[in-house]
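>>> Take this sequence and fold it.
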Amino acid sequence: MVIYTNEQTMFETDGNIQKIMQQCVEETMKNHGITDDVEVSVLFTDDAGIRKINSETRNIDKETDVLSFPQYETDVPGVIQKDNGYPLLVLGDVVLNLQRAEAQAQEYGHAFEREVGYLCVHSLLHLLGYDHMQEKDKQIMRKKEEEILQAIDLRR
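Reported below is the predicted structural model:
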């Protein structure tokens, strides 16, 4: 289940964007063999909104494209244990800057929908414990991103 909140007015988030987000969640879970029902909260925002959240939560006073707030910590990326007694695997929260997604889509020469999908998958992988601080970890994460995006036909 994906729970959406929209606090920006530049882009329509009903319909196609939510469909892409749902596909990204489903394919990311399938790619990791996660069969439990999952919950992810997604906040759609803009530069000003994400800058405020980034400042408040990370003490970084600048815009970014996406933020991830995982519910779990894991030593093995992609391996999450569901807490007993909860009907859903609550992965965490995604804050997606649609204003930055549009700018990056133009910069990279691909569709806005592809960039939204990429940022969603990137953030979901963070929720699953992946990181890209070390080059070897970055390569693993980039490979997973491309596998998932190709499976839902969101190619560059």
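>>> Okay, helices next: where are they in this structure?
16-31, 47-58, 98-108, 112-127, 135-151 (DSSP state H).
>>> Would you mind getting the angle between the last one and helix 16-31?
Using axes from the mean of the first three to the mean of the last three C-alpha atoms, to 10 degrees, the interaxial angle of helix 135-151 with respect to helix 16-31 works out to 120 degrees.
>>> picking up where we left off before, adding distance to Asp37, mean pLDDT and mean neighbour count as columns, could you present the helices of the chain in CSV?
For glycine as for every other residue, the C-beta is placed from the backbone atoms N, C-alpha and C. Shown next, in CSV, are the helices of the chain (distance: least, C-beta to C-beta, whole Å; pLDDT from 0 to 100; neighbours: other C-beta atoms under 10 Å):
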stretch, distance to Asp37, mean pLDDT, mean neighbour count
helix 16-31, 9, 93, 19
helix 47-58, 27, 95, 15
helix 98-108, 27, 94, 17
helix 112-127, 15, 94, 23
helix 135-151, 19, 91, 15
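>>> which one of those lies closest to Asp65?
Nearest of these to Asp65, taken as C-beta to C-beta: helix 98-108 at 4.3 Å.
>>> thinking again about what came up before, nearest to Gln71, of the helices of the chain?
helix 112-127 (7.4 Å).
>>> quick one: the closest one to chain centroid distance?
On the basis of C-alpha atoms, centre = their mean, to the nearest Å, helix 112-127 is displaced by 4 Å from the centre of the chain it belongs to.
>>> cool, and stretch 139-152?
13 Å.
>>> Stretch 149-156 too?
Worked out by C-alpha atoms, centre = their mean, stretch 149-156 lies 15 Å from the chain centre.
>>> Same question for stretch 47-55.
On C-alpha atoms, centre = their mean, the centre of stretch 47-55 falls 16 Å from that of its chain.
>>> so how far is Ile60 from Lys52?
For Lys52, the distance to Ile60 (C-beta to C-beta, to the nearest Å) stands at 11 Å.
>>> hmm, back to that, so can I have CSV of the helices of the chain showing distance to Ser41?
Formatted as CSV, the helices of the chain follow (distance: least, C-beta to C-beta, whole Å):
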stretch, distance to Ser41
helix 16-31, 11
helix 47-58, 13
helix 98-108, 16
helix 112-127, 10
helix 135-151, 20
